[in-house]
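S.K.: Build me a structure from this.
(2 chains)
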Amino acid sequence: MSRFQLFGKDEPADLQRQFYVATIIILAIFFGLVSRFWYLQIAKATYFKRLSENNRIRVLDISPARGIIYDRQGVMLVNSRTSFNLYVIPDDVQNWDLLKVQLCKMLHMDQEDIEQRLAQKKDGSIHPIPIKLDITQDELGLIESFKYLMPGVYIEVSPQRNYPLGLVAPHVIGYQGEITQKQLKSGQYPENRMGDFIGQWGLEKEWQTELGGKKGGRFLEVDALGQEIQLLSVKESIAGNNLETTLDWNIQKVAQNALEGKRGAVVVLKPTSGEILAMCSSPAFDPSSFTRKLSAKQWNALLSDPHKPFQNRAIQGQYPPGSTYKMITALAGLEEKVINPETVFYCNGSFPFGNRVFHCWKKGGHGAVALHKAIVQSCDVYFYNVGKRLGVDRLARYAQLFGLGQPTGITLDTEKSGLIPTSLWKLKRYKSPWGAGETLSLAIGQGYNLTTPLQMALVTATIANGGSLFQPFLVKRLVSPQGDVIKEFQPRRINQVSLNPEHLQFVRDAMAGVVNEPGGTGGAARLLGLVAAGKTGTAQVVTLGKRGGRDHAWFVAFAPLESPQLAIAVVVEHGGHGGQVAAPIVRQIFETYFHLPPRGTEATSTQTRAETPVEENNLD
Amino acid sequence: MIDRRFIQNFYWSLFFLVLILIAIGVVNLYSATVQAEGGKGTPLYQKQIYWACLGFFFLLIILFFDYHLLLPAAYPLYWISIVLLICVLLFGRKISGSQRWLTIGFFSFQPSELVKISLILALAKYFVNNELNHRYGFRHLYLPFGMALLPALLIIKQPDLGTALILLLVCISAFFFLGISWKTLFVSSGGMALILPLFWFFLKDYQQKRILIFFQPESDPLGAGYHILQSKIAVGSGAFWGKGFLKGTQGQLRFLPEQHTDFAFSVLAEEWGFVGSLALVTLFLTLILSALNIARQSKDRFGMVLAFGISVLFFWQILINMGMVVGVVPVVGVPLTFISYGGSSIISSLICVGLLLNIHMRRFIIQS
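M.R.: Residues are numbered from 1 along each chain as shown, chains lettered A, B, ... in the order given. The predicted model follows:
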């Protein structure tokens, strides 16, 4: 047996020798371990002893800067300001009763609120408990002056949302609110703790992980009063990413102003991509009111408001589309060859069907009507005829091609899908067969039909762009705080509606007629120097089988007629007639977008009245 | 089967050493948990005594049978443990994020503890079958390495990095002990040195970060770094004489993570100081060297490899756990043999001691 291992390649290991080697290695390593004990327990003993007394190590969060939300031109819609939050670290508190009284006085809080906040406290815990978030400057001054008398009180600085432009599409952008107990327990927010603000709605919620960034922390040694003695280590926070939305503040502003004082919604999008330039719902809520904790009373007041300010009517409001649906009826009729552009029906103002009589909005009737005129003047009798020839299921198929009756897939919470009835649906829902008369109501957009403004804007865009149904989207780019583009979102075509291009062109021309021809119902949207196309609609308000209140006014439009750049849908609840109330809003948006000289408001209103016949759908 | 010579050759000092270690563990467990439990249910230290009794029962049974009976059973036992590990992944019980326990009837255990023993048995059998007149090369080592790698991968999946690491370390230690050819040693360490950076290069950013934090917990003061600092404070503040039994503030105020399992030693070090730590380390050193001595004295290769495997198993477990508590080894979650709470761990350790005593008792009997 060779003693020289290096050269004794093929000799088996000398095991007796290996035992000595193993023993020496083990002894050496244990010696190292004992030296480590010596280092910690003797050399550094005083240092660690000091740290262990009352455990003076605190871990305090460093809140990351939250991402900024921009519009498409780089206008800052939402940014952040500094807010000061008051926390209590139970382990540092010396006299709870005194502290509670002090806090009540200084923060103008009820004893009850404070007790509630402190309900989860554990004595000796070093985890901060939030008492009051976003305290005012006055309160901060007071607390800072007397902090030395209030051990355990600790002020945390965190970013809070700021709205430099005032109200900007609150339904789209959403709001931030304190994380709820339920959310904490769900495990979806492992980084967060009580008192943190997270996106609770809208883009703020959908993009919480991106906007929110990553928390950092400070690891420090404190004295018996909880005052910092030494910083042990720091983990920097990582700022959230910024969102570049597709919104256009200029358009959004016009839409918001136009809806001021009304109830309704406006959706403006690019027909060639599905980018949403404006989405507005009225009445709105003020997102800045959530930066301070709302009391239960304030919450209930907001939630029980009969005008439902929280509802995003653009995606959650479901309205019968009214006459704006006639484009679909017309296209279905043309495609199914039950009519052609020359088909003429005679309108004497009413249409008897079975034992019922369906009326046209124009009592005297339109006389002999071909398809173009039927759309321009919104003749109901014409479309009763088309509907009768089509039947409910063929009509529904075309509506579905345009994306109606299903969510558009926009990434916002709780989008409603609307409803496009079929005979099967009725059989399931009401256990009764479809009545042929019901198809007539459907053909003019009444009855069971329900659509959201966003859906109707998409229908308009799809007609305008020649049949491409795009997925609507709100975020163009995700950008890092340093300005690097992290992700860019491309338009996504959901469906290519295969319709005869001539038919689409025909309908587009007719829609241009609605706005620009004498006798057209949408004259109020007429522009100087640009041809717009649109369609009015009036949706009946039926509650519990009875007609309730004034009708909802619709207007859908796109412009310019050739190579459309904008598609719009407007609903004004109980606004009456689409041509009167909704069309002027559309006109303002076009004028802003295309930089057109405004038509004098006064002149317009008289003109509108002269040109826009009163639409009325008298149905049983 | 038991004859007088066995009793004469019984390694009483090793047996008492283990008894003392378990007693220290129970007393320490009492201190670590008495504050927190508040008298609900059976206290953990008492449960630990039950587990230890069960473990001694197994130990006793093992003494009655010649360990050579395990030779034909080694491979079947190995495969049974592998099947159990797969069962854990399929229908194991989850406790705080990791799936390590298998429940049979009303009691659950960790197959990963069992596999430590069966791997050592399988390795011993392999090296008995493959006794060479030259050093081991690739040709002979890839199979035993695979034997360790398979359960290690299954255990990583649970996830329990610590146990997986220990299996590989035990296996590699055995290779070194039994002799690796220089060529194999250089080529495989060179290969590792080449592959690791490449592997690193293919990782995603966040994965790299996670590994960095793993090796440098101080860079994550809110997560792993917090526990390590608290543990270091506990150990360091114990100073020379310690704070006294039940007087450790770190442990009593529950700043320590897992203070009854993986961080049990920091409670001991805080309350008994440098003196206590040194004493415990000395006891452990005696345990390991005695085990190594048993390996050296054993009269056949199977007994030797088996005893050596158990010695290095103890060695790595103790080293990694203590190193973790004093902040020199990443936190991988390895219990401290005989000191940490845990039924599976104490039973498997006592089975190992049973094997050691068995090998020692029969060291003069020559296998025919």
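S.K.: Look at the closest residue to chain A within the stretch 51-200 of chain B and say how many residues are nearby.
M.R.: Evaluated by C-beta to the nearest C-beta, the stretch 51-200 of chain B has residue B:179 as its residue closest to chain A, separated by 2.8 Å. Where C-beta positions appear, they are placed from N, C-alpha and C, glycine not excepted. Here the count is done by other C-beta atoms under 10 Å in any protein chain shown, and residue B:179 has 19 residues near it.
S.K.: Can you tell me how far it is from residue B:126?
M.R.: Look at residue B:179 and residue B:126: by C-beta to C-beta, to the nearest Å, they are 14 Å apart.
S.K.: so who does the nearest residue to the residue of the stretch 51-200 of chain B closest to chain A once chain neighbours are set aside touch?
M.R.: Nearest non-adjacent residue to residue B:179, counting by C-beta to C-beta, 6 or more residues apart in numbering or on different chains: residue A:13, 2.8 Å away. Residue A:13 makes contact with A:5, B:135, B:177, B:178, B:179, according to C-beta atoms under 8 Å, 6 or more residues apart in numbering or on different chains.
S.K.: In terms of pLDDT, where does residue A:13 sit?
M.R.: We have a pLDDT of 74 for residue A:13.
S.K.: Likewise for residue B:40?
M.R.: 60.
S.K.: cool, and residue A:144?
M.R.: At residue A:144, the pLDDT value in this model is 82.
S.K.: The one 5 residues further on now?
M.R.: In the prediction, the pLDDT value recorded for residue A:149 is 79.
S.K.: Kindly report the same for residue B:118.
M.R.: At residue B:118, pLDDT is 96.
S.K.: Could you identify the helix or strand that succeeds the one helix or strand it maps to?
M.R.: If you go by DSSP states H and E, residue B:118 is part of helix B:111-129. Downstream of helix B:111-129, the first helix or strand assigned by DSSP H and E is helix B:138-156.
S.K.: What residues sit buried inside that next one?
M.R.: Within helix B:138-156, the residues that qualify as buried are B:140, B:141, B:144, B:145, B:147, B:148, B:150, B:151, B:152, B:154, B:155, counting by 16 or more other C-beta atoms under 10 Å in any protein chain shown.
S.K.: swap in stretch A:516-525?
M.R.: When burial is assessed from 16+ other C-beta under 10 Å, stretch A:516-525 yields the following buried residues: A:516, A:517, A:520, A:521, A:522, A:523, A:524, A:525.
S.K.: Helices along chain B, start to end?
M.R.: Taking DSSP state H as the test, the helices found in chain B are B:4-8, B:12-37, B:44-64, B:70-91, B:111-129, B:138-156, B:161-178, B:182-202, B:205-215, B:224-237, B:249-252, B:264-297, B:301-325, B:343-361.
S.K.: Mind telling me which of those helices the model trusts least?
M.R.: Among the helices of chain B, helix B:249-252 scores lowest, with a mean of 64.
S.K.: mind checking how far stretch A:170-177 is from the chain centre?
M.R.: Relative to the chain's own centre, stretch A:170-177 is displaced by 7 Å; criterion: C-alpha atoms, centre = their mean, to the nearest Å.
S.K.: Actually, stretch B:338-349.
M.R.: Centroid displacement of stretch B:338-349 relative to its chain, using C-alpha atoms, centre = their mean, is 9 Å.
S.K.: and if you look at stretch B:314-326?
M.R.: Centre-to-centre, stretch B:314-326 and its host chain are 9 Å apart (C-alpha atoms, centre = their mean).
S.K.: Then stretch A:73-88?
M.R.: 19 Å.
S.K.: what about residue A:520, distance to residue A:578?
M.R.: Taken as C-beta to C-beta, the span from residue A:520 to residue A:578 is 12 Å.
S.K.: need the residues of the stretch 251-368 of chain B near chain A, please.
M.R.: Applying C-beta under 8 Å from any C-beta of the partner chain, we find that the stretch 251-368 of chain B lies next to chain A at B:253, B:255, B:269-270, B:273-274, B:277-278, B:281, B:284-285, B:288-289, B:292, B:295-296, B:304, B:308, B:315, B:319, B:322-323, B:326, B:328.
S.K.: pLDDT value on residue B:11, please?
M.R.: 88.
S.K.: Tell me how many other residues crowd it.
M.R.: Neighbour count of residue B:11, defined by other C-beta under 10 Å: 20.
S.K.: which one is it nearest to, not counting chain neighbours?
M.R.: Per C-beta to C-beta, 6+ apart, closest to residue B:11 is residue B:360, 4.6 Å.
S.K.: who touches the one you found in this structure?
M.R.: By C-beta under 8 Å, 6+ apart, the neighbours of residue B:360 are B:9, B:10, B:11, B:14, B:294, B:297, B:298.
S.K.: ok, now residue B:168?
M.R.: Per C-beta under 8 Å, 6+ apart, neighbours of residue B:168: B:148, B:149, B:152.
S.K.: Residue numbers of the stretch 101-250 of chain A in contact with chain B?
M.R.: Along the stretch 101-250 of chain A, the residues adjacent to chain B under the rule C-beta under 8 Å from any C-beta are A:124, A:215, A:217, A:219, A:232, A:233, A:234, A:235.
S.K.: Give me the buried subset of those.
M.R.: By neighbour count, with 16+ other C-beta under 10 Å, these hold A:215, A:217, A:219, A:232, A:233, A:235 as buried.
S.K.: Where does the fifth one fall, secondary structure wise?
M.R.: Applying DSSP H and E as the criterion places residue A:233 in strand A:228-235.
S.K.: surely residue B:123 meets residue B:171?
M.R.: Yes. Counting by C-beta atoms under 8 Å, residue B:171 is a contact partner of residue B:123 at 6.5 Å.
S.K.: between those two, which one's more packed in?
M.R.: Using other C-beta under 10 Å as the criterion, residue B:123 and residue B:171 rank with residue B:123 on top: 25 against 22.
S.K.: Pull up the gap between the more buried one and residue A:26, please.
M.R.: With C-beta to C-beta as the criterion, residue B:123 and residue A:26 are 19 Å apart.
S.K.: cool, residue B:364 as well?
M.R.: Taking C-beta to C-beta, one finds residue B:364 at 26 Å from residue A:26.
S.K.: ok, the two, which is more surrounded?
M.R.: residue A:26 (18 against 11).
S.K.: For ChimeraX, write a command that selects the buried ones of the contacts of residue B:360.
M.R.: To isolate the buried members of the contacts of residue B:360 in ChimeraX, using 16+ other C-beta under 10 Å:
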select /B:11,14,294,298
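S.K.: Tell me the one among the contacts of residue B:360 nearest to chain A.
M.R.: When the contacts of residue B:360 are compared against chain A (criterion: C-beta to the nearest C-beta), the nearest one is residue B:297, at 9.9 Å.
S.K.: and the longest strand for chain A?
M.R.: Longest strand of chain A, by residue count under DSSP state E: strand A:76-88.
S.K.: Quickly run through the sheet partners of that strand, with directions.
M.R.: Using DSSP bridges, the strands paired with strand A:76-88 are strand A:69-70 (antiparallel), strand A:129-132 (antiparallel), strand A:153-162 (antiparallel).
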